[in-house]
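[1] Generate coordinates for the sequence data below:
(2 chains)
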2 protein chains.
Amino acid sequence: MALTGASRNTVSARVDQLIAANLLEEGGRGWSTGGRPPTLLRFNSRAGCVLAVDLGVTSVDVAVTDLSAQILQTIGHPIDIADGPDLVLAEVDRLAQEALAAAGLTPADVCAVGVGVPGPVEFSTGRPFHPPIMPGWHDYPIPSAFARYECPVYADNDVNVMALGEMGIAGSDEDVLVVKVGTGIGCGIIVDGRVYRGAQGSAGDIGHISVTPPDGQTVICRCGNENCLEAIAGGGALLRDARAAGVPVSTTRELVELAARGDGSVLELVRNSGRTIGTVLASLVNFFNPHRIVMTGGVAQAGAPLLAGIREAVYGRSMPLAARALDITVSDAPDLSGRLGAALMAIEGFLDEDSVHQLSRADEQAAGVSPAGTRTGR
Amino acid sequence: MALTGASRNTVSARVDQLIAANLLEEGGRGWSTGGRPPTLLRFNSRAGCVLAVDLGVTSVDVAVTDLSAQILQTIGHPIDIADGPDLVLAEVDRLAQEALAAAGLTPADVCAVGVGVPGPVEFSTGRPFHPPIMPGWHDYPIPSAFARYECPVYADNDVNVMALGEMGIAGSDEDVLVVKVGTGIGCGIIVDGRVYRGAQGSAGDIGHISVTPPDGQTVICRCGNENCLEAIAGGGALLRDARAAGVPVSTTRELVELAARGDGSVLELVRNSGRTIGTVLASLVNFFNPHRIVMTGGVAQAGAPLLAGIREAVYGRSMPLAARALDITVSDAPDLSGRLGAALMAIEGFLDEDSVHQLSRADEQAAGVSPAGTRTGR
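    This is a model prediction of the structure:
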């Protein structure tokens, strides 16, 4: 066990670096408990901006935020994710330039880019990994589409990004599960305020956990396995079951609207879906003991009936100690969390040591540290 | 967002503190990439020792280690945990003094104490919380039994402690699940090399996750719920099922020995137990995407047949991406991991800033920091 290099002049040099990068500014004197009063350093959130991209299946939102994730400008536009990365990302690029110009900023002001996409992404490279609903996107280097900004680009799946956004909205750093119920079902895991990704970055993939079908009938999932959670309780499954019950709906959105209007048979389907999701969450509550579970995604907009089913199963099957202070809610700002999370992901990455080196290369020699590589598309 | 107090003189003062506490010593010159070569600081692992206590139901092991968790002395002794905390901890105290003396050390050398106990513990206070197999221990302040050492005392459940110990043995800081299959079933969760405890400290409580009984018959668990994992696949359940099948066994240990000798009916029971445990682990692999799963505890000593059942279920039901590089093994050192983990818990706690303040009170004024409370029994 050795703390090599933990020398005083390296620490001082790091502070110098941040000041040189204009990210820290001196902010007056602190309280002293005896010796010389320390100089306080303040974070300068207007030292640059980030681009936050929330890519959906049928639309994209692009926001420009400052370095404290305050939204300065935001533009939304319809897209079709199936048009493939070249076409879609060209459109994103156009929107980003429009948003920057509207905010009175230039590409040179962009410190980092964060992109949330509706499919699995290898976080270390920013490449989608066999995304089921994004044809043509497998292994595409998303960061390369933002080369003009000459800055780090971070891409992750939308659920992880939304989870970060929920933390930004709630402003705490607890252990939280953000469960998205849309066509499929996924989960973002927050440990101590940060996204937990696991060994291959696939953590939170709860849509394919095996469940017991309520009616005993085996359902084959699109993944090839039987009785996966999302094949029984996701939005696609709800739509299938509603149609089979003779309800005239063609989209999940229509189904959720019917539930909001109090349609009895749809309400029952949604509540049953909540019960099935709740049996999985009950296991995860025992295992993970979260402070909060936040439900989001299209089906979560059904609100009360889904939540009732989930709570029934969770409080019925979780250990009392883990469930006693557990908060299960529906997201207050499902439309905002994607953009906010993408901004926070970009800012968090940018503020990591490696990235800041980029801004202050001139100081590297004096600091005695070597430049580290950053993940950019250049 | 403000980085208050991140001033240079505070950082320097912190280094001074650690040097004053004799925990850091100057260790020669580092390599320079340009400027003045930095002074390297080396951790002094012989600056003190810790007591590591591994409390079991029928025995206790007490070890004295240095600050890098090297065992200097270790003593084991039979106990009965049901004798209650006063009697048992008096015995632990006697063993600790014996071990210290044998190592040529005194109580004044002890920097921290780590205690693993076979039941749930509120980590922030070191008090057991309704431990099912530790009558008389509920809410007992374990740290108070070590008041003579005038140092921080950390107590946690044995599975979290063993998980830390497994990390110490394997020497990595990955995301790991350490699953103990003894009479009951529990899980220690390691995130990035540290124990993850969750909101109430009950994370890893997988023994009461609901499973589908293989024969379709409902089993009532000692927790009052139906079909909990440990009621169907734990050591107690195995013993019950073996006896029902006419196998003449009275302890889990005998059962594991029969499995080791190749007894067909016992092997089948153990393998089925592995399959049931594997269905739960398959869900957790999708959710948590660990690098490794390490099996430990008495039943895990059955080895191959248990592992075969677990692997069959995990590889059959986990998502390919999460399972492709997953390593599932039986602990190499199940007897050592409890002591080593207790030592690492004590050292980790001790090296946290708050504790080190204790050793260098004289420096507090100069450092401009105020003394923080430490969790001790005094």
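[2] what residues does stretch A:99-110 touch?
    A:48-51, A:62-64, A:72-75, A:97, A:148-149, A:151 (C-beta atoms under 8 Å, 6 or more residues apart in numbering or on different chains). For glycine as for every other residue, the C-beta is placed from the backbone atoms N, C-alpha and C.
[3] Helices - which of those land there?
    Using DSSP state H, the subset of those located in helices is A:Gln97.
[4] Just the buried residues from the contacts of stretch A:99-110, in ChimeraX please.
    In ChimeraX, this line selects whichever of the contacts of stretch A:99-110 come out buried by 16 or more other C-beta atoms under 10 Å in any protein chain shown:
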select /A:48,49,50,51,62,63,64,72,73,74,149,151
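[5] Next, the contact list for A:Leu336, please.
    So A:Leu336 contacts A:Gly165, A:Ile169 (C-beta under 8 Å, 6+ apart).
[6] Go again with 6 Å.
    If you count contacts by C-beta atoms under 6 Å, 6 or more residues apart in numbering or on different chains, A:Leu336 has none.
[7] Can you classify A:Trp137 as helix, strand or coil?
    coil (DSSP: H, G, I helix; E, B strand; the rest coil).
[8] how much space is there between it and A:Val115?
    12 Å (C-beta to C-beta, to the nearest Å).
[9] Likewise for A:Ala145?
    9 Å.
[10] quick one, which of the two is more surrounded?
    Using other C-beta atoms under 10 Å in any protein chain shown, the more surrounded residue of A:Ala145 and A:Val115 is A:Val115, with 28 against 23.
[11] Which stretches in the stretch 201-350 of chain A count as strands?
    A:292-296, A:327-330 (DSSP state E, counting those that start in this stretch).
[12] Within range of chain B, give me the residues from the stretch 151-300 of chain A.
    A:175, A:191, A:198-200, A:202-203, A:205-206, A:208-210, A:212, A:283, A:286-289, A:291 (C-beta under 6 Å from any C-beta of the partner chain).
[13] So which of those sit within helices?
    A:Ser283, A:Asn286, A:Phe287, A:Phe288.
[14] Where does the stretch 251-378 of chain A get nearest to chain B, residue-wise?
    For the stretch 251-378 of chain A, the residue closest to chain B is A:Asn289, as judged by C-beta to the nearest C-beta, at 2.7 Å.
[15] The stretch 101-250 of chain A now?
    As assessed by C-beta to the nearest C-beta, chain B sits closest to A:Gly198 within the stretch 101-250 of chain A, at 2.8 Å.
[16] how about that residue, what does it touch?
    Applying C-beta under 6 Å, 6+ apart, the residues contacting A:Gly198 are B:Asp175, B:Phe288, B:Asn289.
[17] how much space between the nearest residue to it once chain neighbours are set aside and A:Ala199?
    Nearest non-adjacent residue to A:Gly198, counting by C-beta to C-beta, 6 or more residues apart in numbering or on different chains: B:Asn289, 2.8 Å away. The gap separating B:Asn289 from A:Ala199 is 5 Å, by C-beta to C-beta.
[18] Please identify which of these two sits among more neighbours.
    Each of B:Asn289 and A:Ala199 has its neighbours counted (other C-beta under 10 Å); B:Asn289 has more, 25 against 21.
[19] phi, psi of that one?
    Backbone geometry at B:Asn289, expressed as degrees, to the nearest 10, gives phi 50, psi 60.
[20] Tell me which residues touch it, please.
    For B:Asn289, the contact set (C-beta under 6 Å, 6+ apart) comprises A:Gly198, A:Ala199, A:Gln200, A:Ser202, A:Ala203, B:Ala322.
[21] contact partners of stretch A:199-217?
    A:123, A:184-189, A:196-197, A:223, A:227-230, A:232, A:276, A:280, B:175, B:212, B:283, B:286-289, B:291, B:317, B:319, B:321-322.
[22] From the residues you listed, list just the buried residues.
    Buried among those (16+ other C-beta under 10 Å): A:123, A:184-189, A:196-197, A:227-230, A:232, A:276, A:280, B:175, B:283, B:286-289, B:291, B:317, B:319, B:321-322.
[23] Give me the subset of these that lies in helices.
    Those of the buried ones among the contacts of stretch A:199-217 mapping onto helices are A:Leu229, A:Glu230, A:Ile232, A:Thr276, A:Val280, B:Ser283, B:Asn286, B:Phe287, B:Phe288, B:Arg317, B:Leu321, B:Ala322, per DSSP H.
[24] Would you mind giving these as CSV with distance to B:Asp83 and pLDDT added?
    Output for these, formatted as CSV (distance: C-beta to C-beta, whole Å; pLDDT from 0 to 100):
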residue, distance to B:Asp83, pLDDT
A:Leu229, 46, 97
A:Glu230, 51, 95
A:Ile232, 50, 97
A:Thr276, 46, 97
A:Val280, 41, 98
B:Ser283, 39, 97
B:Asn286, 43, 96
B:Phe287, 40, 97
B:Phe288, 38, 97
B:Arg317, 43, 91
B:Leu321, 50, 83
B:Ala322, 45, 87
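[25] Make sure A:Leu95 is actually in contact with A:Ala63.
    No: contact criterion C-beta atoms under 6 Å: A:Leu95 and A:Ala63 do not qualify, at 9.8 Å.
[26] Fine by me, we can end here.
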